[in-house]
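Chemist: Give me a 3D structure for the following:
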Amino acid sequence: MTIDLVVISDSHGRAIANGAAQLGLEVRTVTYSGALWHRGKFRFTRNGFQPTRSKAPQRQMRELHEELKQKDLSLRAIPTISTIGFHLGQLVPPFGWYGHRALPEEFEEKADAKFTSDAFLHEYVQTYRRKHFEIAKKMHQYGRFMVIPSPVTFRRANYAAFRAHIVDQFHTRGISLYDPVEDLAQPDGILGDKFIAKDGVHANAEYGAQVVRLLKQKGFLST
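Modeler: Just a heads-up that it's a prediction; the model follows:
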């Protein structure tokens, strides 16, 4: 059976995997928690991307190897998307524990806030995401690969600044990235209710299906 799409992600990738399945695509997933992504529990070997220190994603990858009958995932032929590098629920909150704000408008909203420079934000992100950028670059060079940022489903302090900075870092490194929010968000930059899951944090399968349709329009996925 031909695999149409591989999704290597945290929980935010499930919406796309579910949407793709609803549209009839053969999808395979390697999914594990944002906490493990944040802590860098993965590596890139001669066999491609490999999760570490977590049995469930390691099993998913092993099953994918077995289905393909080879350790090399042949990602040159199989379109692969990932949320690598975002996992903002692990990255952003500690930055604001002592009142730091990265956007001028958010700084002005809080009387005792501490404004942080772009340079400070950059160094903070590099400290926790350097490995993610390096591995994503290798995945980009290895085959048909696309980073998909986590969806914007709410407005909270510092999230927009961090998300935009990480997107820019992928672009700067020449790593393929498509941000569906640019096409699907409301004027305020947040997804509409029809695209948001009941938990208010994740997107839903309808959003995922729309993302897949857009990836087809862009030629990343076969029509």
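
Chemist: Shouldn't residue 65 be within a helix?
Modeler: Yes - the assignment for residue 65 by DSSP: H, G, I helix; E, B strand; the rest coil puts it in a helix.

Chemist: Enumerate every residue touching residue 203.
Modeler: For residue 203, the contacting residues are 12, 15, 151, 153, 191, 195-197, by CB atoms under 8 Å, 6 or more residues apart in numbering. Where C-beta positions appear, they are placed from N, C-alpha and C, glycine not excepted.

Chemist: again with residue 146
Modeler: Counting by CB under 8 Å, 6+ apart, residue 146 touches 79-82, 176-178, 215, 220.

Chemist: cool, residue 30 as well?
Modeler: Contacts of residue 30 (CB under 8 Å, 6+ apart): 6-9, 49, 51, 57, 60-61, 64.

Chemist: can you pull up the bridge partners for it?
Modeler: Under DSSP bridges, the beta-bridge partners of residue 30 are residue 8.

Chemist: separation between it and residue 50?
Modeler: Distance, residue 30 to residue 50, using CB to CB, to the nearest Å: 10 Å.

Chemist: Quick check: neighbours shared by the two?
Modeler: With CB under 8 Å, 6+ apart as the test, residue 30 and residue 50 both reach residue 61.

Chemist: Now do the residue nearest to residue 98 when sequence neighbours are not counted: how many residues are near it, please.
Modeler: Spatial nearest neighbour of residue 98, chain neighbours left out: residue 114 (6.8 Å); criterion: CB to CB, 6 or more residues apart in numbering. A total of 11 residues lie near residue 114 under the criterion other CB atoms under 10 Å.

Chemist: Show me which positions of stretch 166-182 end up buried.
Modeler: By 16 or more other CB atoms under 10 Å, the buried positions in stretch 166-182 come out as 166-167, 169-170, 175-181.

Chemist: cool, and stretch 107-121?
Modeler: Those would be 107, 113, 116, 121, for stretch 107-121 by 16+ other CB under 10 Å.

Chemist: Stretch 42-49 now?
Modeler: 42, 44, 48-49.

Chemist: do the same with stretch 77-92
Modeler: Neighbour-count burial for stretch 77-92, counted by 16+ other CB under 10 Å, picks out 78-92.

Chemist: and what of stretch 125-145?
Modeler: 125, 128-129, 132-133, 135-137, 139-140, 142-145.

Chemist: Would you mind reformatting these (as TSV) and adding columns for pLDDT and secondary structure while you're at it?
Modeler: Listed next are the buried residues of stretch 125-145 as TSV, based on pLDDT from 0 to 100; DSSP: H, G, I helix; E, B strand; the rest coil:
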residue	pLDDT	secondary structure
125	97	helix
128	97	helix
129	98	helix
132	98	helix
133	98	helix
135	96	helix
136	97	helix
137	96	helix
139	92	helix
140	93	helix
142	84	helix
143	82	coil
144	90	coil
145	94	strand
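
Chemist: Report the two of the residues you listed separated the most.
Modeler: Taking CB to CB as the measure, these span a maximum distance of 27.3 Å, between 128 and 144.
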